[in-house]
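Colleague: structure for this input, please:
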Amino acid sequence: MGTGKNQLFVCNSNELGEAQHKTLGVKYKGELHSVIIFRFKHRVYAYINQCVHMPKQLTCEKDVIFDDTGKLLRCSMHGIVYDPETGISQSTMCNGEQLRSIRIIEQGGVINFCDKRISTLT
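Modeller: Okay, here's the model as predicted:
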């Protein structure tokens, strides 16, 4: 369901509370991927749901995306942590590597992808 030029509906704003997340399947650059969408410090972020350490989803072992402090994203398999606002790894092993960001917008009570690399939701 599109709501504007090059926009794909994700959810209504009230469906994504602070520190909550959801995952959606998308076609990204013509290939199927999982995207993780979450709210952190009242802003919405989206990344391809794949750890930079190994090609595993951040949620592959547990459906939890934040570490115990609630301040960093964390891969449930190996514990690699990321800055939620930039996607940059804070772990020594993958220091400086970055999650692939997806452009997303929240306005009028709706959250939409606004990334030309995403063609459809799956």
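Colleague: what's the distance between residue 107 and residue 18?
Modeller: Remark: distance between residue 107 and residue 18 (CB to CB, to the nearest Å) = 18 Å. The C-beta positions use only the backbone N, C-alpha and C, and glycine is treated the same way.
Colleague: what do you get for residue 60?
Modeller: From residue 60 to residue 18 the distance is 24 Å (CB to CB).
Colleague: higher neighbour count, the two?
Modeller: residue 60 (17 against 11; other CB atoms under 10 Å).
Colleague: ok, that one touching residue 74?
Modeller: No - the criterion here is CB atoms under 8 Å, and residue 60 misses it with residue 74 at 11.7 Å.
Colleague: in the longest strand seen in the chain, which residues are buried?
Modeller: For the chain, the strand with the greatest residue count under DSSP state E is strand 31-40. The neighbour-count check on strand 31-40 (16 or more other CB atoms under 10 Å) flags 33-40 as buried.
Colleague: would you format those as JSON lines with pLDDT and distance to residue 13 included?
Modeller: Output for the buried residues of strand 31-40, formatted as JSON lines (pLDDT from 0 to 100; distance: CB to CB, whole Å):
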{"residue": "33", "pLDDT": "96", "distance to residue 13": "23"}
{"residue": "34", "pLDDT": "96", "distance to residue 13": "21"}
{"residue": "35", "pLDDT": "97", "distance to residue 13": "17"}
{"residue": "36", "pLDDT": "97", "distance to residue 13": "17"}
{"residue": "37", "pLDDT": "98", "distance to residue 13": "12"}
{"residue": "38", "pLDDT": "98", "distance to residue 13": "13"}
{"residue": "39", "pLDDT": "98", "distance to residue 13": "9"}
{"residue": "40", "pLDDT": "98", "distance to residue 13": "14"}
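Colleague: from the residues you listed, which single one is nearest residue 94?
Modeller: residue 36 (17.1 Å; CB to CB).
Colleague: where does pLDDT dip in this structure?
Modeller: Within the chain, the segments meeting pLDDT under 70 span 1-5.
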